[in-house]
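Student: Kindly return the folded structure for what I paste below:
(one chain, ligands or ions: 2)
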Amino acid sequence: MEKEVIDLKIDIYEENQKIGEEIRKELTARNILSVNILGSAGAGKTSVLVRLIERLKGIPVTVIEGDLETDIDTRKLQSLGIDAYQINTNGICHLDSPMIRAILGKKEIAPGTILFVENIGNLVCPAEFDIGEHLRIVVSSVPEGSDKPYKYPIIFQHASAIVLNKSDLMPYIDFDETYFREGVGVMNPSAPVFDVCAKDGTGFDMLAEWLTGEKAKFKQK
Ligand SMILES: Nc1nc2c(ncn2[C@@H]2O[C@H](COP(=O)(O)OP(=O)(O)OP(=O)(O)O)[C@@H](O)[C@H]2O)c(=O)[nH]1
Ligand SMILES: [Mg+2]
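Tutor: Ligands and ions are numbered 1, 2, ... in the order given. Here you go, the predicted model:
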């Protein structure tokens, strides 16, 4: 019997990309800026979001939280008055564009909103799946080590900006910031790198200023 080999990997990527493009087009038409937040488990993605949103006064914000299980992060954001929704992937290691399309079909988001999507905590799979975003912010953190841009190049290559969180831990960790920044510079020379500490809010004014600038450029398009 003849066998037909179907390359599912390519099919899945192509379909995901196609839906991602459709989402991006629709969000652009509705003046909703979508920002994909990526990084390892525990890098501080939710903590960074909280500090950043505090500084985006006057800009409506919605957050979609992606986690394998639980709505812990969503409840944390909602308790701070932030409009937040949960996607549980039940074991899948990344968000994809059909998941985002499904949640967008059920929620009203006002024009002018920044839609943040906190992706699943990991440095590999989320980098490979378009979710219809306009910008990608990669959150790295001091305890993860300064070699991460070299070991996980794809996620850094496609970042619009990189946030280096937990700067308060610099004195306790053997972190070579020059090496980290050189690695980012090789992979993605145009991406700004922001040193922040979500624990006390240090460095977030500059990050908020950058994002506000990106939003203004987005509106002019
Ligand atoms: N010392 C220090 N701890 C931090 C900082 N930012 C976050 N944390 C702590 O790091 C842990 C993880 O933070 P989260 O914001 O939950 O990280 P996350 O990336 O959203 O985690 P997942 O959603 O589980 O992938 C928490 O205990 C935070 O309190 C920081 O700047 N300094
Ligand atoms: Mg989180």
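Student: Give me every residue in the protein lying close to ligand 1.
Tutor: 39, 41-47, 73, 121, 165-166, 168-169, 197-199 (C-beta under 6 Å from any ligand atom). Yep, even glycine has a C-beta here, placed from its N, CA and C like the rest.
Student: Which helix or strand in the chain has the lowest average pLDDT?
Tutor: Taking mean pLDDT, DSSP states H and E as the measure, the chain has helix 8-29 as its least confident helix or strand, at a mean of 91.
Student: Can you tell me the centre-most residue of the chain?
Tutor: Centroid-nearest residue in the chain, with C-alpha atoms, centre = their mean: Ile37, separated by 1.1 Å.
Student: and the helix or strand containing that one, anywhere near ligand 2?
Tutor: Using DSSP states H and E, Ile37 falls within strand 33-39. No: if you take C-beta under 5 Å from the ion as the test, strand 33-39 misses ligand 2, and the best it gets is 8.7 Å.
Student: SS state for Ser190?
Tutor: Secondary structure assignment for Ser190 (DSSP: H, G, I helix; E, B strand; the rest coil): coil.
Student: pLDDT of the strand holding Ile37, averaged?
Tutor: Averaged over strand 33-39, pLDDT sits at 98.
Student: could you point out which element follows that strand?
Tutor: helix 45-54.
Student: Now do the following helix or strand past that following helix against strand 33-39: the angle between them, please.
Tutor: Later in the chain than helix 45-54, the nearest helix or strand by DSSP H and E is strand 61-67. Interaxial angle, strand 61-67 versus strand 33-39 (axes from the mean of the first three to the mean of the last three C-alpha atoms, to 10 degrees): 30 degrees.
Student: Give the next helix or strand downstream of strand 61-67.
Tutor: helix 72-79.
Student: now that next one and helix 45-54, what's the angle there?
Tutor: Going by the same axes, to 10 degrees, helix 72-79 makes 20 degrees with helix 45-54.
Student: which residues touch helix 72-79?
Tutor: Residues outside helix 72-79 that contact it (C-beta atoms under 8 Å, 6 or more residues apart in numbering) are Thr46, Leu49, Val50, Val63, Glu65, Asp67, Ala84, Tyr85, Gln86, Glu118.
Student: is it true that the third one touches Ala198?
Tutor: Yes: distance between Val50 and Ala198: 7.2 Å, which falls inside the contact criterion (C-beta atoms under 8 Å).
Student: who's more crowded, these two?
Tutor: Between Val50 and Ala198, counted using other C-beta atoms under 10 Å, the more crowded position is Ala198 (25 against 19).
Student: Distance check, the nearest residue to the more buried one once chain neighbours are set aside against Ser190.
Tutor: Closest residue to Ala198 apart from its sequence neighbours, by C-beta to C-beta, 6 or more residues apart in numbering: Ser47 at 3.6 Å. For Ser47, the distance to Ser190 equals 26 Å [C-beta to C-beta, to the nearest Å].
Student: higher neighbour count, the two?
Tutor: Remark: of Ser47 and Ser190, Ser47 carries more neighbours, 20 against 8, as counted by other C-beta under 10 Å.
Student: sorry, back to before: just checking, what packs against the strand holding Ile37?
Tutor: In this structure, strand 33-39 packs against helix 8-29, helix 45-54, strand 114-118, strand 135-141, helix 204-220, with contacts taken as 3 or more C-beta pairs under 8 Å, 6 or more residues apart in numbering; DSSP states H and E.
Student: just how off-centre is the last one within its chain?
Tutor: Going back to what we said before, that points to helix 204-220. The chain centre lies 15 Å from the centre of helix 204-220; the measure is C-alpha atoms, centre = their mean, to the nearest Å.
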